[in-house]
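Engineer: Just need the structure, nothing else, for what follows:
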Amino acid sequence: MYSKKKKTWFRLILAVLASGFMASCETAIDINTGNQDVPIVYCVLNSADSFQYVRIQKTYLIDQAALENPPQQDSMLFTGEIVVTMERWSGGKVMETIRFAPTNEVPKDSGFFPYQKNILYKAKAKIVPKQIYRLYIYLGSKEKVLFAEAASLGSLIVIDPLPLTQRKISLYEGTNYSCQWEPVSNAGVYQVVIRFNYSETVGGETKLKHLDWPQIFASPGTAEAYLSKDISGARFMHILEENLAPGGGVVRKATSIDFQIVSGSMEMKYYIESTTPSEGALMEKPVYSNITNGIGLFCSVSRIDINDLILSPVTIDSIAYGKYTRTLGFLDHTNDRDSTNNL
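Structural biologist: Residues are numbered from 1 along each chain as shown. Prediction:
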């Protein structure tokens, strides 16, 4: 069986399914049963976005000889009537009903799986903090209703870094930087992503570029007054060395640095734990799923972006002349380049 996993800085899952009418739904599925076309659903409720997306595909079985040939589009997508709705619950009542419509506006990555069309289901919806959301998907071709439930997160409040124009970030060998934020209601996992922005000039043509550096996931408790993540200055220099080609006539200039702090629900925590290899494990762990009558992920995230922070002069000089990065062609904080200077 082949099914493409969604790429993202975070992976998500939900543990608790609804009772009531859901009690009569089938939840045990053998994904290796021939010709079963098991539904696969991905939906991440993002409080930082005004639009929400649902991805629906199906499993299929192939033999070893077919590995060289990608499946046809119809092998991955359901045909017939598909109805996608979501309800927002609060105080035991439905406060809002959200309807999704198909769209192919989001491009799909190339690769083994077909990418002529990337059919998603889209709805204009702002996620309200600390609410219950219930997702319903009717597949006419299978005469089934898929269901999942997730709680939205509380607001994410960042303590450091603050978006101050005079603030300069120091991050180089021997100096680390600590991000701090308040615990988020209903969150089970956090991740910090560093984006290094720079310009690159080749043959008189200048382009703006960036390099993303995701930190490892963290699952701290919520008893602390604030949570933190230390960013290694030495590792930052190694990341630049490992991901950028040596200068060779290329002139680069460090422009700014962005911080993205993401909190994920408990479902995300469970999914990450289920997909993290266990040391000494002889068998692969089952991947956590929360979709009734299917498999997949439904959960929520909260995110804050702190953009365009200025790097300190010593950080810029360390990038230009440091032992790991001095061959990358970066200018120092005076926009000069002295090849004899070594830090």
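Engineer: In three-state terms, label the residue lying closest to Ser274 once chain neighbours are set aside for me.
Structural biologist: In space, Ser274 comes closest to Tyr288 once its chain neighbours are excluded; the distance is 4.0 Å by C-beta to C-beta, 6 or more residues apart in numbering. Glycine gets a C-beta too; all of them are placed from N, C-alpha and C. Using DSSP: H, G, I helix; E, B strand; the rest coil, the secondary structure recorded for Tyr288 is coil.
Engineer: Surely Tyr288 touches Thr276?
Structural biologist: No. Tyr288 lies out of contact with Thr276 (C-beta atoms under 8 Å); the separation is 11.1 Å.
Engineer: ok, the two, which is more surrounded?
Structural biologist: Using other C-beta atoms under 10 Å, the more surrounded residue of Tyr288 and Thr276 is Tyr288, with 21 against 11.
Engineer: Return the distance of the residue nearest to Asp37 when sequence neighbours are not counted relative to Ser274.
Structural biologist: Nearest residue to Asp37 in three dimensions, chain neighbours excluded: Lys58, at 4.6 Å (C-beta to C-beta, 6+ apart). Counting by C-beta to C-beta, to the nearest Å, the separation of Lys58 from Ser274 is 21 Å.
Engineer: So which of the two has more stuff around it?
Structural biologist: Higher neighbour count among Lys58 and Ser274: Lys58, with 19 against 15, using other C-beta under 10 Å.
Engineer: For the stretch 151-300 of the chain, which segments count as helices?
Structural biologist: Residue ranges of the helices in the stretch 151-300 of the chain, as given by DSSP state H, counting those that start in this stretch, are 233-243, 266-275.
Engineer: what do you get for the stretch 1-150 of the chain?
Structural biologist: Using DSSP H, counting those that start in this stretch, the helices of the stretch 1-150 of the chain run over 73-76.
Engineer: so where's it uncertain?
Structural biologist: 1-36, 61-74, 110-116 (pLDDT under 70).
Engineer: Ok, the stretch 201-343 of the chain next?
Structural biologist: In the predicted model, the stretch 201-343 of the chain carries pLDDT under 70 at residues 220-223, 278-284, 339-343.
Engineer: what's around Val41, how many residues?
Structural biologist: Close neighbours of Val41, defined as other C-beta under 10 Å, add up to 24.
Engineer: That should have said Ser199, apologies.
Structural biologist: By the criterion of other C-beta under 10 Å, Ser199 has 14 neighbours.
Engineer: show me what contacts the residue nearest to Lys207 when sequence neighbours are not counted?
Structural biologist: Closest residue to Lys207 in three dimensions, ignoring its sequence neighbours and counting by C-beta to C-beta, 6+ apart: Glu200, at 5.4 Å. For Glu200, the contacting residues are Thr206, Lys207, Lys209, Val250, Val251, Arg252, by C-beta atoms under 8 Å, 6 or more residues apart in numbering.
Engineer: if we go to 7 Å?
Structural biologist: Lys207, Lys209, Val250, Arg252 (C-beta atoms under 7 Å, 6 or more residues apart in numbering).
Engineer: Now the phi/psi pair for the closest residue to Ala123 other than its chain neighbours, please.
Structural biologist: Once flanking residues are discounted, Ala123 sits nearest to Phe100: 4.4 Å by C-beta to C-beta, 6+ apart. Main-chain torsions, Phe100, degrees, to the nearest 10: phi -100, psi 150.
Engineer: these two touch, right, Phe100 and Leu120?
Structural biologist: No. If you go by C-beta atoms under 7 Å, Phe100 and Leu120 don't touch, sitting 8.7 Å apart.
Engineer: Pull up the overlap in contacts between these two.
Structural biologist: Val54.
Engineer: ok, those two, which is more surrounded?
Structural biologist: For Phe100 versus Leu120, the count of surrounding residues by other C-beta under 10 Å is larger for Phe100: 23 against 20.
Engineer: And the more buried one, how close does it get to Val314?
Structural biologist: Phe100 sits 50 Å away from Val314, going by C-beta to C-beta.
Engineer: so what's the residue nearest to Ile159 when sequence neighbours are not counted up against?
Structural biologist: Excluding the flanking residues, the one nearest Ile159 by C-beta to C-beta, 6+ apart is Gln180, at 4.0 Å. Going by C-beta under 7 Å, 6+ apart, Gln180 touches Ile159, Asp160, Tyr226, Ser228.
Engineer: how much space is there between Gln180 and Lys168?
Structural biologist: For Gln180, the distance to Lys168 equals 17 Å [C-beta to C-beta].
Engineer: if we can go back for a sec, filter the contacts of Gln180 to the buried ones?
Structural biologist: Taking 16 or more other C-beta atoms under 10 Å as the criterion, nothing in the contacts of Gln180 is buried.
Engineer: Measure how buried the residue lying closest to Gly140 once chain neighbours are set aside is and give me the count.
Structural biologist: In space, and not counting its chain neighbours, Gly140 is closest to Glu81: 3.2 Å by C-beta to C-beta, 6+ apart. Residues within reach of Glu81, counting by other C-beta under 10 Å, total 10.
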